[in-house]
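Sequence isn't available, so here's the structure alone:
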Ligand SMILES: Nc1ncnc2c1ncn2[C@@H]1O[C@H](COP(=O)(O)OP(=O)(O)O)[C@@H](O)[C@H]1O
Ligand SMILES: [Mg+2]
């Protein structure tokens, strides 16, 4: 794609084998991510939305290449091509030794601020760790960097000696942000960074992240389970359902003209902030999300889709261009034409 | 919280907080201080309880038998076979009063000297000379008791440390790496733990001459499994937490992740299990010594003392001494264990205060 792209994800598939029986043989697999492709541009914010369990965290973990550590038996297909300094590097092909030097360039902010900081380390030890691994800074210089990072995320210098259990959730998430920023990465994956926080604090943390994104000129993959958080901040939005990417495009397009029936349902659940504006018509989906171990044939959304037809069971729909910068995986709405 | 008195105590790690809480539980804390104090002192026993003199001044020359070891009696003009008899020498020099003198340790009897040394009698009841009397071969019971204390605790400590090293390395790797490695060791442990270990130990120690290190080795073979299972569970649980993912995603090596990140968070079983492991180690040694499969005689040991004591029940001091020494030691370790458990209990209100 264009030379402004930072990472191209091509046909990424991730499945976790399920073992059973006396001999512990593979009896099934969880297809957490199923053949998805999209691009994150340089200094771009891409929102990734979908119900919980649809594979968002797995995409994020694939992008920082730690799935093999988390689940040693995982099977990963496709390509994740990063464009660093004119080089094209496919993370799925790197050995763990080769991977080491790129670790500083992609970082993650985690969903649960209570589990993502080591309870035995002080804040300064936590933020210092990536600097120790990736730079040759002296103790003094590292201390200065830690203090400046603390300032950037709105914490005080005297917080440096404290332990995580002395902080609130919002403050912990700020520590997590500082740690992710320490190596000056090109991409930060924010895995539902505010969903565990009080509503009153969510906006503060999001505003902080937006300021940081501008200041550090870093790309964000911003994961959320509904559209209300990502709609205002993203340049592009990707909608996932049960491991598949069902719609991808420019944020305004998706927000104002969602095409895929699942995106429409997601959007209809977002409250309208302006009271003068008419409430959106609420689309309530029928049924439960099928398990990724046992996906429906053809389009995985067809069991809950209000527009489903007989033909939906036959082929897995692929992403097709609907407008410039807008891709939808649904042949039915494609035939419907642009409304 | 009550045990956090000063303001600056606020930025303290969880482990330090637990230590402060442990200190408030007097019974366990004082037991820990007493026991570790006594154990520390017991390394200087050769200078405190010994039949070799600390210093001998003879004909203008100084001798240090405790440190230099064997010195023949002839050296000091004593007409005895083999080593000098320092207690006799002391009396002799005092009587002659010609500038020669002997400085004995505070308790001048050794755990090894029996009736072959003059002045020693069998079955002597407790007196100011022999505080806890003498046994069936004329050895001083108090001296043996003290030396056996050091051996018992050292045995249990070494055993525990070795078990911990195995448990942490193997169990930690099983939990951390999972997969085939985990599966292989699980099966191995299942087979291993179904062996009747007491018989294995008895067979091995009746073939080989039991020594301190052999017994440690044998007991490690039995006991590493407990710690391994605990550590496996800890590492397995901690590995799934996001701070591990964060450490991996910044490029930390597996070794560092295991020992810098996960291990400090897996300390709870390591610490709370420790007193029980010591109790088990001491009891195991006593049991083996009692059955005669333990340390080779004449090494002083509680089990062996109990054995000869029970053969001579009428000599109450021979039974009473090893039993109460064990009782007091095990009791204080149980107190320590109780305090540790309490300190690691997340509930603030405790029964013990
Ligand atoms: N380590 C793993 N082993 C097995 N299955 C997993 C693992 N991680 C995730 N999954 C499965 O993959 C699917 C997607 O999970 P996840 O990416 O966490 O979803 P989300 O972040 O969107 O809630 C879920 O069905 C989950 O059970
Ligand atoms: Mg998730």
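Thanks, I have it. Only a predicted model underlies this, so the values are computations on that prediction, with no experimental measurement involved. Ligands and ions are numbered 1, 2, ... in the order given.

Do I have it right that residue B:301 meets residue B:294?
Yes: Residue B:301 is in contact with residue B:294 according to Cβ atoms under 8 Å; the separation is 6.3 Å. Where C-beta positions appear, they are placed from N, C-alpha and C, glycine not excepted.

which neighbours do these two share?
Between them, residue B:301 and residue B:294 share these contacting residues under Cβ atoms under 8 Å, 6 or more residues apart in numbering or on different chains: residue B:285.

And the residue of the stretch 1-150 of chain B that's closest to ligand 1?
Taking Cβ to the nearest ligand atom as the measure, the point where the stretch 1-150 of chain B comes nearest ligand 1 is residue B:14, at 27.9 Å.

Backbone dihedrals for that residue, please?
phi -60, psi -40 (degrees, to the nearest 10).

In the stretch 1-150 of chain A, what residue comes closest to chain B?
Closest approach of the stretch 1-150 of chain A to chain B (Cβ to the nearest Cβ) occurs at residue A:103, with a separation of 3.3 Å.

Check which residues of stretch B:320-328 are buried.
Burial within stretch B:320-328, assessed by neighbour count using 16 or more other Cβ atoms under 10 Å in any protein chain shown, is assigned to B:321, B:322, B:325, B:326.

swap that for stretch B:331-340, sorry
B:332, B:333, B:334, B:335, B:336, B:337, B:338, B:339, B:340.

so what does the helix or strand where the first one lies touch, helix or strand wise?
Same thing as residue B:332. Secondary structure here is read from DSSP states H and E; on that basis residue B:332 sits in helix B:316-343. Contacts defined by 3 or more Cβ pairs under 8 Å, 6 or more residues apart in numbering or on different chains; DSSP states H and E place helix B:316-343 against helix B:14-24, helix B:26-42, helix B:141-166, helix B:267-291, helix B:302-311.

Make CSV out of those helices and add mean neighbour count.
Written out in CSV, the entries for the helices and strands packed on helix B:316-343 read as follows (neighbours: other Cβ atoms under 10 Å in any protein chain shown):
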stretch, mean neighbour count
helix B:14-24, 17
helix B:26-42, 16
helix B:141-166, 21
helix B:267-291, 20
helix B:302-311, 20
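
Chain A is nearest to which of those helices?
With Cβ to the nearest Cβ as the measure, helix B:14-24 is the member of the helices and strands packed on helix B:316-343 nearest chain A (6.5 Å).

residues touching residue 251, list them.
By default, I'm working from chain A. Shown in contact with residue A:251 (Cβ under 8 Å, 6+ apart): A:47, A:230, A:231, A:234, A:235, A:236, A:237.

please go with chain B instead
With Cβ under 8 Å, 6+ apart as the criterion, the residues that contact residue B:251 are A:99, A:100, A:103, A:104, A:130, A:133, A:134.

For the residues you listed, pick the one with the most neighbours.
Among the contacts of residue B:251, the one with the most neighbours (other Cβ atoms under 10 Å in any protein chain shown) is residue A:130, at 25 neighbours.

and that residue, what element?
Here residue A:130, judged by DSSP H and E, is contained in helix A:123-134.

residues near whichever residue of the stretch 201-350 of chain B sits closest to ligand 1, how many?
With Cβ to the nearest ligand atom as the measure, the residue in the stretch 201-350 of chain B that lies nearest ligand 1 is residue B:240; the distance is 8.2 Å. When neighbours are counted by other Cβ under 10 Å, residue B:240 registers 10.

Nearest spatial neighbour of it, chain-adjacent residues omitted?
The shortest distance from residue B:240 to any residue other than its chain neighbours is 7.8 Å, reached at residue A:70 (Cβ to Cβ, 6 or more residues apart in numbering or on different chains).

repeat for residue B:140
Excluding its sequence neighbours, the residue lying closest to residue B:140 (Cβ to Cβ, 6+ apart) is residue B:109, at 3.9 Å.

Per-residue confidence, the one you found, what does it come out as?
Taken from the predicted model, the pLDDT recorded for residue B:109 is 91.

Over to the nearest residue to residue B:197 once chain neighbours are set aside. Which of the three states is it?
Counting by Cβ to Cβ, 6+ apart, residue B:197 lies nearest to residue B:222, which is 4.5 Å off, once chain neighbours are set aside. Residue B:222 carries the three-state label helix when classified by DSSP: H, G, I helix; E, B strand; the rest coil.

Residue B:222 reaches residue B:199, doesn't it?
No: taking contacts as Cβ under 8 Å, residue B:222 lies outside contact range of residue B:199: 11.4 Å.

For the two, work out which one has more neighbours and name it.
residue B:222 (19 against 9).

where does the chain dip in pLDDT?
Looking at chain A here, since you left the chain open. Per-residue confidence of chain A (counting by pLDDT under 70) places the weak regions at A:1-3, A:273-279, A:336-339.

ah, no, chain B please
Residues of chain B that meet the cut-off, pLDDT under 70, sit at B:1-10, B:347-353.

how's it carved up into domains?
Chain B breaks down into these structural domains: B:51-104, B:142-343 (assignment by automatic domain parsing).

Going along the chain, name the helices of chain A.
Under the criterion DSSP state H, chain A contains helices at A:56-63, A:67-70, A:96-99, A:123-134, A:139-152, A:169-181, A:199-216, A:227-230, A:251-256, A:261-268, A:331-336.

For the fifth one, report the contacting residues that lie outside it.
Contacts with helix A:139-152, where a contact means Cβ under 8 Å, 6+ apart, come from A:123-124, A:127-128, A:131-132, A:135, A:137, A:156-157, A:159-160, A:178, A:181-182, A:212, A:215.

Equivalent analysis for stretch A:203-211, please.
By Cβ under 8 Å, 6+ apart, the residues outside stretch A:203-211 that reach it are A:153-154, A:170, A:173-174, A:177, A:190, A:193-194, A:197, A:220, A:229, A:233.

Quick one: end-to-end length of stretch A:300-312, please.
Here the two ends of stretch A:300-312 are set 9 Å apart, with distance taken as Cα to Cα, to the nearest Å.

Angles on the backbone of residue B:214, please.
Dihedral angles for residue B:214 - degrees, to the nearest 10 - are phi -60, psi -40.

burial count for it?
Applying other Cβ under 10 Å, we find 15 residues neighbouring residue B:214.

ok, it touching residue B:201?
No: applying Cβ under 8 Å as the test, residue B:214 and residue B:201 come out as separate, 10.1 Å apart.

Contact partners for the residue lying closest to residue B:285 once chain neighbours are set aside?
Once flanking residues are discounted, residue B:285 sits nearest to residue B:155: 5.0 Å by Cβ to Cβ, 6+ apart. Residues in contact with residue B:155 (Cβ under 8 Å, 6+ apart) are B:212, B:215, B:216, B:281, B:282, B:285.

Would you reformat the domains of chain B as JSON lines and include distance to residue A:75?
As requested, these are arranged in JSON lines below (distance: least, Cβ to Cβ, whole Å):
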{"stretch": "domain B:51-104", "distance to residue A:75": "68"}
{"stretch": "domain B:142-343", "distance to residue A:75": "14"}
